[in-house]
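K.L.:
sequence first, predicted coordinates after that:
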Amino acid sequence: MENFNNLYDFIDLAKINRKYPENTANNLRSALKIFEKELNADELKSVSMIASSIEEIFRGVVMANKNKSIISLNTYKARLLKVINDYKKYGIEPGKMQNWNIKIKKSTPLLIKKDKTDKGNKDISNSICATVNNIHKIELSFESGIATIVIPQDISPQEAKKIKDIIDSLI
């Protein structure tokens with residue numbers, strides 16, 4: 001059967017065979033670790049079961065990791081699904097790994113020729129002389145909607161007390 005721990009071995013094998021770069025392998029392992037904590041005994045024994053009930057498992061991961069953003073948790077979910085798909089294609093029968101063609105990402109140069117020609121034109125950046133107002137922005141979420149309070153940085157104590165009294169009156 002497709003044991004969850006086989007995914008760790010698969011990542012190591014893929015890294016050794018240069019199918020995953022080291023940083024990708026590390027990222028995939030961390031995704032497995034986050035999800036592994038939320039899996040029950042049956043799911044740990046079957047990779048296919050994990051793939052079929054990923055949404056339920058993901059809800060558990062979100063509830064257990066309230067300190068992480070939903071964007072990063074979705075990234076971990078995508079990484080887990082990537083490992084599962086790659087494992088099903090190349091890990092169950094390791095001989096298929098030699099036919100695994102990896103996508104080579106082209107690196108883009110940081111400074112292209114157009115940027116070099118514009119580098120000498122410094123008047124563009126000097127013409128913008130706008131002051132920045134420092135403010136405190138507080139967003140409150142309610143059942144009926146969201147309220148945003150924008151407070152200037154140089155607020156007087158009397159004005160701060162008025163705002164506090166207004167907020168206290170809402171309770």
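P.N.:
Structure received.

K.L.:
give me phi/psi at the nearest residue to residue 102 once chain neighbours are set aside?
P.N.:
Spatial nearest neighbour of residue 102, chain neighbours left out: residue 19 (5.6 Å); criterion: Cβ to Cβ, 6 or more residues apart in numbering. Where you see a C-beta, it was placed from the backbone N, CA and C, and this is true even at glycine. The phi/psi pair for residue 19 (degrees, to the nearest 10) reads phi -90, psi -30.

K.L.:
repeat that for residue 164.
P.N.:
Dihedral angles (degrees, to the nearest 10) for residue 164: phi -60, psi -40.

K.L.:
show me where this protein has helices.
P.N.:
Assigned by DSSP state H, the helices in the chain fall at 5-16, 22-36, 41-45, 47-52, 54-64, 70-86, 113-118, 123-126, 157-169.

K.L.:
distance of the residue nearest the centre of the chain from residue 61?
P.N.:
In the chain, the centroid-proximal residue (Cα atoms, centre = their mean) is residue 72; its distance is 2.3 Å. Using Cβ to Cβ, to the nearest Å, residue 72 is found at 11 Å from residue 61.

K.L.:
domain ranges for this protein?
P.N.:
5-99, 135-169 (automatic domain parsing).

K.L.:
return the most buried member of the ones you listed.
P.N.:
Comparing the domains of the chain by mean neighbour count (mean count of other Cβ atoms under 10 Å), domain 5-99 comes out on top with a mean of 15.

K.L.:
gap between the two ends of stretch 35-52?
P.N.:
14 Å (Cα to Cα, to the nearest Å).

K.L.:
show residues contacting it.
P.N.:
Applying Cβ atoms under 8 Å, 6 or more residues apart in numbering, the contact partners of stretch 35-52 are 1-7, 53, 57, 60-61, 64, 76-77, 80-81, 84, 87-88.
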